[in-house]
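Student: Quick one, what's the 3D model for this:
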Amino acid sequence: MNDKDIIKTINDIVWWIPNRKLRDKIRDFFESIRAKHDLINFQLDRITPRANIEKIEIHLAEHCNLNCQSCSHFSQLAEPEFANIEVFEKDIKRLSELSNGEVNIIHLMGGEPLLNPNIKRFFEIARKYFDKTEIKLITNGILLLKQDNSFWQSMKDNKITLAPTKYPIKIDWDKIKEICKDMNIKLIFFNGEDIVKTSFYSPLNLEGTENPEWNFRNCFLANNCLILENGRLYTCSYIPNIRHFNKFFNKNIPISVNDYIDIHKARNYQEILQFLVKPIPFCKYCDVKNRKHGITWKTSTKGIEEYIE
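Tutor: Numbers count the residues shown, from 1 in each chain. The predicted structure follows:
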């Protein structure tokens, strides 16, 4: 049952109560029950092993050509760096072997992936080892119309879904949609075609005094935004990318061997799926309770206040 159906059901229950104040109180009571139910389901989803990995993210570039405030991948702080093609193939092959190709979605992203000059080879390798998986290119779209015909042909040949995020910047989306239509390339806007990108503030706790179990159960990134990097699978984007924050601001939020699982040492797929539903030491450095969503998108000042209360 979706949100609209639930609201309709609640209204159907309370409509006959003649006293408006009493009707509103009963409606609020049902809404509170619904909110608790949603929270319980959300938390259970974090700690329940999946049948297979729903979505995995892989950076093709660490840096970006769009300077976003409070980037959750710290891309506005990252120095230019591209994924190593040999390491990428080694990791993709191993993941395919472990999962028997059972990964629902692979996001090729960054940073800005179109900065990578070898992006077509990454398309080919990803599709080689995951022939049934939906592979999406997550991009800000700035460089799309600068790509040559071979790029679009590679997108088509390897059945790559174009999934751009709409930022409040000027891009000829009609032209991009026309190319995708002509080339028969699937186009799905990452945040919705009619939705302009907003930001979220996700503060860090440099002292590491947060409750990792509570944070994990209440974090929308946990067991959801999985990152594969150099053979290591992380349960959220903050962990592997904190190195950019540490270097830029001369901090030392640590990553331990318990914050990731090495897919080349994992015995089987189940071991990986079980690892992904467990709180990790890094969770104590996130201030989940003070996160803010729906913030107007802005360019970054690259100040530490974008991550620290």
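
Student: okay, and for this structure, where does confidence drop off?
Tutor: The chain contains residues with pLDDT under 70 at 1-17, 22-23, 26-47.

Student: all helices for the protein, in order.
Tutor: Here the chain has its helices, by DSSP state H, at 3-14, 20-47, 85-99, 119-129, 149-157, 173-183, 212-218, 238-249, 269-275.

Student: The last one packs against which elements?
Tutor: What that stands for is helix 269-275. Contacts defined by 3 or more CB pairs under 8 Å, 6 or more residues apart in numbering; DSSP states H and E place helix 269-275 against helix 85-99, strand 261-262. Quick note: C-beta positions are derived from backbone N, CA and C, even for glycine.

Student: Redo the ones you listed as CSV? Include mean neighbour count and distance to Phe151.
Tutor: As requested, these are exported to CSV (neighbours: other CB atoms under 10 Å; distance: least, CB to CB, whole Å):
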stretch, mean neighbour count, distance to Phe151
helix 85-99, 18, 16
strand 261-262, 18, 33
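
Student: out of these, nearest to Phe248?
Tutor: Closest to Phe248 of these is helix 85-99 (CB to CB; 23.8 Å).

Student: Next, the angle helix 119-129 makes with the closest one.
Tutor: Taking axes from the mean of the first three to the mean of the last three CA atoms, to 10 degrees, one finds helix 85-99 and helix 119-129 inclined to each other by 20 degrees.

Student: how distant is helix 85-99 from the center of its chain?
Tutor: 20 Å (CA atoms, centre = their mean, to the nearest Å).

Student: Ok, stretch 163-170 next?
Tutor: Averaging C-alpha positions (CA atoms, centre = their mean) puts stretch 163-170 16 Å from its chain's average.

Student: list the buried ones in it?
Tutor: Across stretch 163-170, burial judged by 16 or more other CB atoms under 10 Å covers Ala163, Pro164, Thr165, Lys166, Tyr167.

Student: what does stretch 128-140 give?
Tutor: Buried positions in stretch 128-140, judged by neighbour count with 16+ other CB under 10 Å: Tyr129, Phe130, Thr133, Glu134, Ile135, Lys136, Leu137, Ile138, Thr139, Asn140.

Student: before we move on, what about stretch 300-307?
Tutor: Applying a neighbour-count criterion of 16+ other CB under 10 Å, one finds Ser300, Glu306, Tyr307 buried in stretch 300-307.
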